[in-house]
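Chemist: The following block contains a protein sequence and its predicted model.
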Amino acid sequence: MTSTGEPAPAELCMHSKEESGATTDFEDGDFDEPMEAEEVDVEPVAAKTWNQESEPAEVVKHEADLGKGTLSCLGGFLPDVSCWDIDQEDDSSFLVQEVQVDSNCLPLVKGADEEQVFQFYWLDAYEDQYSQPGVVFLFGKVWIKSAETHVSCCVMVKNIERTLYFLPRETKVDLNTGKETGTPVTMKDVYNEFDEKIATKYKIMKFKSKIVEKNYAFEIPDIPEKSEYLEVRYSSEMPQLPQDLKGETFSHVFGTNTSGLELFLMNRKIKGPCWLEVKNPQLINQPVSWCKVEAVALKPDLVNVIQDVSSPPLVVMSFSMKTVQNAKTHENEIIAVAALVHHSFALDKAPPQPPFQSHFCVVSKPKDCIFPYAFGEDIKKKKVKVEIAATERTLLGFFLAKVHKIDPDIIVGHNIYGFELEVLLQRINVCKVPYWSKIGRLKRSNMPKLGGRSGFGERSATCGRMVCDVEISAKELIRCKSYHLSELVQKILKAERVAIPMENIRNMYSESSHLLYLLEHTWKDARFILQIMCELNVLPLALQITNIAGNIMSRTLMGGRAERNEFLLLHAFYENNYIVPDKQIFRKPQQKLGDEDEDIDGDANKYKKGRKKAAYAGGLVLDPKVGFYDKFILLLDFNSLYPSIIQEFNICFTTVQRLASEVQRVTEVQATTTLSACLDVCVLDISYKWNHMRSFVCGLFHLAYSFQNLC
């Protein structure tokens, strides 16, 4: 209990590798086999079907580290008490199950039509269009009845075909001269040209086709609103056709660069994390992931959505790390990592109390430093638990092994996409730590290119595990002067965080007490990060947004509204049988040296490099000129197109007529405003779901506030 009478928070409890305080060190040969953290030798247990009576699966129970006190994720106030003064010997109330699943048996259940199906809760998806075209990896959780728990799973969806739509011409065109020949075009002519010329040229050996009727409502001229198209499907392993392809019998082709993941989500009507069932699942011959259960769907039509089933609990890991800069190489080296773990975190409910059940911490040293004298003895006397690694490589290997063993579904951090994840992967690469892909769930050998502007490499490295950056989430949910961790702790948690400058970290290896304070600070940062995520209800909000927009939740957690709007409209137009425009690839031209803003002096110029001079000062209103304009012009920018305007005037891609004659345009718009536009339906649906989500979030805050008052 604290001096105020409140329960003391659960604090860090560390352990040394050996009682003598010796450091953990691995030789290079120790990394020849997959690393596991404290693995227990257990016979593998087959996962049985739900409707089959069997003995409970043998599980290995490990004691989780949890303090006696209760930590309120909403109070956010840290009493002035050191975590080293908290006694944590009685922490056996929480037990974590490590389930061994037989890879030769899938946990099947009976579906709606009484056939055996594989049911799992889908969380994340990954596609590599270049090395494995036509294959989508789905990651999630599957229920193991014999062990009474959920474990991670990976479903490999194969044979996702390219789908193209060819628009026939009215008459044939001579491609050499560009002139019409006057010969009418039939759908048979389009088929013959594709079969004899296009397929032969691009080595498409096998395809299937049919005639379909589709709608179009976008910018390309001379495309009818409704017309018949020749739909062609062929394997994604075969070459992609050019986006601007034209033929004698067809004028346009759509869908040339549509990804297999987009086709899969649209055709199967999958909108965000949900329960899916796979009919006729197959076993994977060679493991492709680090998940405990793996299955194959031979074609996307075998995957269906299961409605109205609650989401399973997830494993959430919040981590923080400390780095120092090498004076010679000027590279950041990782010297400490602390992580908090909750093994049953509800995705669609209020955060659990306390928000973590176990933790671990590992510390190393810079190359030019040594551990303080009798550091192992000091942590033994204080009865704290810490893992001591002799080198940075050992620390990273231990961290990857713990991540693989804990198998978190969500990794939480602060500035994780901006700094920590990139540094972590770079150090793993520099130190040549094997099995780097354990940071995610897909087994891979080559590390993706890091440091890109969009963070594609870091995102693909963690595929299968959703990454929650509380800095990005806070930027979306609250207004703050700064989104540094100290500022967020003060504003959201009403607490104070003391920052440790990177240049002072090396000096903390002079005394044991200073190094222990550094580790305590690292652990508290991990706790602050987890508290901020819980306080802002990041996960329930991200789940609701993803279910509305129909995109991927890992992308929702990365922020940005463009992709959410894109998937929202994609689902709407696919459901209404519309052809959507192909994605355009825009490459920005290199900025000329003379285009930078020359008015900015000093260091500020490097942050605004490439910025062009303003054509005129902001907010300038030009004087009107009588007679300059001879037509009435109404300009609505994107931010002015409010949902109320969309609903009132039925504004949509499908209702705006792009005709040359002004008289015809006015007449047609008035006629079509009585129709139900796709965008109008989307706005109505979003408005309803938004009101529902607001009441849901208000309920969470009310529940949390009540709990805080009780504490």
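Modeler: Sure thing, it's come through.

Chemist: Of all residues in the protein, which one is nearest the centre?
Modeler: Nearest to the geometric centre of the chain sits Ser554, at 1.5 Å (C-alpha atoms, centre = their mean).

Chemist: OK, contacts around that residue?
Modeler: Contact analysis of Ser554 by C-beta atoms under 8 Å, 6 or more residues apart in numbering lists Asp124, Arg459, Cys463, Met466, Val467. For every residue, glycine as well, the C-beta is placed using N, CA and C.

Chemist: Would you mind writing the CA trace of the stretch of helix or strand it belongs to as CSV?
Modeler: Applying DSSP states H and E as the criterion places Ser554 in helix 553-556. Output in CSV follows, covering the C-alpha atoms of helix 553-556 (Å, rounded to 0.1, in the frame of the first residue of the first chain):
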residue,chain,number,x,y,z
MET,A,553,-6.2,-3.8,-38.8
SER,A,554,-2.4,-3.6,-38.8
ARG,A,555,-2.7,-0.8,-41.4
THR,A,556,-5.4,0.9,-39.3
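
Chemist: Can you give the distance from that helix to the centre of its chain?
Modeler: Distance of helix 553-556 from its chain centroid, counting by C-alpha atoms, centre = their mean, to the nearest Å, is 4 Å.

Chemist: tell me the domain boundaries of the protein?
Modeler: 105-153+272-306, 162-264, 313-537, 624-711 (automatic domain parsing).

Chemist: wait, which of the ones you listed is closest to Glu575?
Modeler: domain 624-711 (8.4 Å; C-beta to C-beta).

Chemist: Could you give the average pLDDT over that closest one?
Modeler: Taken as a whole, domain 624-711 has an average pLDDT of 58.

Chemist: quick one on the thing from earlier: of the contacts of Ser554, which belong to strands?
Modeler: Asp124, Met466, Val467 (DSSP state E).

Chemist: Specify the local secondary structure of the closest residue to the first one other than its chain neighbours.
Modeler: The spatially closest residue to Asp124, leaving aside those adjacent along the chain, is Phe139, at 4.6 Å (C-beta to C-beta, 6 or more residues apart in numbering). For Phe139, the assignment made with DSSP: H, G, I helix; E, B strand; the rest coil gives strand.

Chemist: Tell me the confidence at Phe139?
Modeler: Reported pLDDT for Phe139: 98.

Chemist: And Leu530, by the same measure?
Modeler: Looking at Leu530, the pLDDT reads 97.

Chemist: is it true that Gln119 touches Trp143?
Modeler: Yes: look at Gln119 against Trp143 with C-beta atoms under 8 Å: they come within range, at 7.4 Å.

Chemist: Please say which of these two ends up with more neighbours.
Modeler: Neighbour count, other C-beta atoms under 10 Å: between Gln119 and Trp143, Gln119 has more, with 21 against 18.

Chemist: ok, what's across the strand from that one?
Modeler: Beta-bridge pairing for Gln119 (DSSP bridges): Glu277.

Chemist: need the contact list for it.
Modeler: Each residue near Gln119 by C-beta under 8 Å, 6+ apart is listed here: Val109, Gly111, Val142, Trp143, Trp275, Leu276, Glu277, Val278, Ile306.

Chemist: which one of these sits closest to Val363?
Modeler: Val142 (35.9 Å).

Chemist: Is that closest one in a helix, a strand, or coil?
Modeler: Val142 - assigned by three-state DSSP - is strand.

Chemist: show me what contacts Gly140?
Modeler: Phe120, Tyr121, Trp122, Leu123, Asp124, Ser152, Cys153, Val155, Pro273, Leu276.
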